[in-house]
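*Asks:* Show me the folded form of this:
(one chain, ligands or ions: 2)
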Amino acid sequence: MLPLLVQPSCRKIRNEMLLCWAALWKSLKIYNFKCPACGYESRHPIGTPDMDQILTDVNNEFAQYKLFMCTKELKLMHADIMDAHFDNKCPSDKSDLEPIDDLEHVKCPRCSKELKVEDIKPLAAADGSTE
Ligand SMILES: [Zn+2]
Ligand SMILES: [Zn+2]
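*Replies:* Ligands and ions are numbered 1, 2, ... in the order given. The predicted structure is shown next:
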């Protein structure tokens, strides 16, 4: 599987660095938002979808998902801010979307209570090998 010149220890460090880098900087995470008050629940991918793609080819089909709130429909949604067609408007009702930067403190679009946030890291599952 591995090229012989790559020593296992190097590979491990490299893997860890990549994982840290990806976790801290740009990677796709699935966030699950749930309101303890009204039961509103929503799940969104936030970040950049394909880590390998970024590492190997930065210019190719770059996408970055960000969380928004539609104040008209009272729901959370995500949009690809790198998409040339995206203009900060809700695709279904054309109202201005409210960007959400602080993913740890997201208010419920329906009742304004703070949502419970859980992030599901697809990265950990993707790598499979536990060293
Ligand atoms: Zn709520
Ligand atoms: Zn909308």
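*Asks:* Near the residue lying closest to residue 74 once chain neighbours are set aside, how many residues? Count them for me, please.
*Replies:* Nearest residue to residue 74, sequence neighbours excluded (C-beta to C-beta, 6 or more residues apart in numbering): residue 109, at 4.4 Å. (Each C-beta comes from the backbone N, C-alpha and C, glycine too.) Applying other C-beta atoms under 10 Å, we find 22 residues neighbouring residue 109.
*Asks:* so who does residue 109 touch?
*Replies:* 40, 69, 70, 71, 74, 75, 76 (C-beta atoms under 8 Å, 6 or more residues apart in numbering).
*Asks:* which bits of the protein sit near ligand 1?
*Replies:* Counting by C-beta under 5 Å from the ion, the residues of the chain lying close to ligand 1 are 35, 37, 38, 40, 108, 110, 111, 113.
*Asks:* how close does the nearest residue to the last one once chain neighbours are set aside sit to ligand 2?
*Replies:* When you say that, I think you mean residue 113. In space, and not counting its chain neighbours, residue 113 is closest to residue 37: 4.2 Å by C-beta to C-beta, 6+ apart. As judged by C-beta to the ion, to the nearest Å, residue 37 and ligand 2 stand 22 Å apart.
*Asks:* tell me the secondary structure for residue 37?
*Replies:* On the three-state scheme (DSSP: H, G, I helix; E, B strand; the rest coil), residue 37 is labelled coil.
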